[in-house]
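1. pasting the structure only:
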């Protein structure tokens, strides 16, 4: 079980002057953390000053690099053995932070999973689709794929730091990468609050990006999960189309042959990718 004195609280922030001070004070009052570190991602308002006034150590990016880039900076600069991540907009309940931290040790990462009712309907629907797809690909139920409220061993996060994108998709990538690498990930229900200010996430654009990241991470760690269904669908479609034409027209069309070949080629690519992934894991 992780102790608060081992924990670096990392809060990425961009133009959150109105909320960051209250967030820092609330989380600081919750436990004697090793440090509270705010990474100001090139804000144009008084975010950095408000965070410093509230007692946080502040690192500033010279320009806006993205939420994921701020998280990566915080992980690199953190002095604690455990990193607690939360957003700067006030939606994550600081009083739940200890619950997440105390489970680190038994688990490599603990994620605060929000209920769908705590999110806007469009975001909740998009998250439901993405987490269902991710659960199928990983073979394990994932109640919340995009929550930024999580605690994890810093050494585990450093292992996957190169995989994390600079945008808003780092929660998805870090969760899937640790799960597919065989590390222990747990989900603890939390009650999310309404965020302060206007959200910066664009649902459609980020949804497409999340889907691509799911495919990228799963392809990196378990390629056959992606390649095999495509190969099987192509092969069976080609076989069915070919047999139907043999029965009706006494010949196999070129389209059926191409679909059969595509199925075989994609399957072989999947096997090669699986071997490459296994080689990478042994390094």
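-> It's in. From a predicted model like this one, the values you see are computed outputs, not experimental measurements. Residues are numbered from 1 along each chain as shown.
2. for the stretch 151-283 of the chain, what spans make up the strands?
-> 185-190 (DSSP state E, counting those that start in this stretch).
3. low-confidence ranges in it?
-> 193-207, 209-211, 213-214, 217, 278-283 (pLDDT under 70).
4. ok, which stretches of it are helices?
-> Along the stretch 151-283 of the chain, the stretches classed as helices by DSSP state H, counting those that start in this stretch are 154-159, 170-180, 203-221, 224-249, 254-282.
5. for those helices, which one ends up most surrounded?
-> helix 170-180 (a mean of 24; mean count of other Cβ atoms under 10 Å). (Each C-beta comes from the backbone N, C-alpha and C, glycine too.)
6. and it, what does it pack onto?
-> helix 67-77, strand 109-114, helix 121-138, strand 150-153, strand 185-190, helix 203-221 (3 or more Cβ pairs under 8 Å, 6 or more residues apart in numbering; DSSP states H and E).
7. sheet-wise, list the partners of the fifth one with their directions.
-> Looking at strand 185-190 with DSSP bridges, its partner strands are strand 109-114 (parallel).
8. ok so, going back, of the helices and strands packed on helix 170-180, which is nearest residue 234?
-> helix 203-221 (17.2 Å; Cβ to Cβ).
9. relative to residue 182, how far out is residue 130?
-> Remark: distance between residue 130 and residue 182 (Cβ to Cβ, to the nearest Å) = 22 Å.
10. the more surrounded of the two?
-> residue 130 (19 against 9; other Cβ atoms under 10 Å).
11. which SSE is immediately downstream of the helix or strand residue 38 falls within?
-> Using DSSP states H and E, the element containing residue 38 is strand 35-40. Where DSSP H and E defines the elements, the next helix or strand beyond strand 35-40 is helix 47-53.
12. for that following helix, the averaged confidence score.
-> Across helix 47-53, the average pLDDT comes to 95.
13. what's that helix packed up against?
-> strand 7-13, helix 17-30, strand 35-40, strand 57-60.
14. so what touches the last one?
-> Strand 57-60 is touched from outside by 35-40, 42, 48, 51-52, 73-74, 77, with contacts defined as Cβ atoms under 8 Å, 6 or more residues apart in numbering.
15. turn those into TSV, columns for neighbour count and distance to residue 276.
-> Listed next are the contacts of strand 57-60 as TSV, based on neighbours: other Cβ atoms under 10 Å; distance: Cβ to Cβ, whole Å:
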residue	neighbour count	distance to residue 276
35	15	40
36	22	41
37	26	37
38	29	39
39	29	34
40	29	39
42	17	37
48	20	43
51	28	43
52	17	47
73	20	30
74	21	32
77	14	33
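16. roughly how far apart are residue 276 and residue 180?
-> Distance from residue 276 to residue 180, by Cβ to Cβ: 14 Å.
17. equivalent analysis for residue 40, please.
-> Applying Cβ to Cβ to residue 40 and residue 180 gives a distance of 32 Å.
18. quick revisit: dump the helices of the stretch 151-283 of the chain to a markdown table, plus distance to residue 59.
-> Shown next, in a markdown table, are the helices of the stretch 151-283 of the chain (distance: least, Cβ to Cβ, whole Å):
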| stretch | distance to residue 59 |
| --- | --- |
| helix 154-159 | 16 |
| helix 170-180 | 17 |
| helix 203-221 | 25 |
| helix 224-249 | 37 |
| helix 254-282 | 31 |
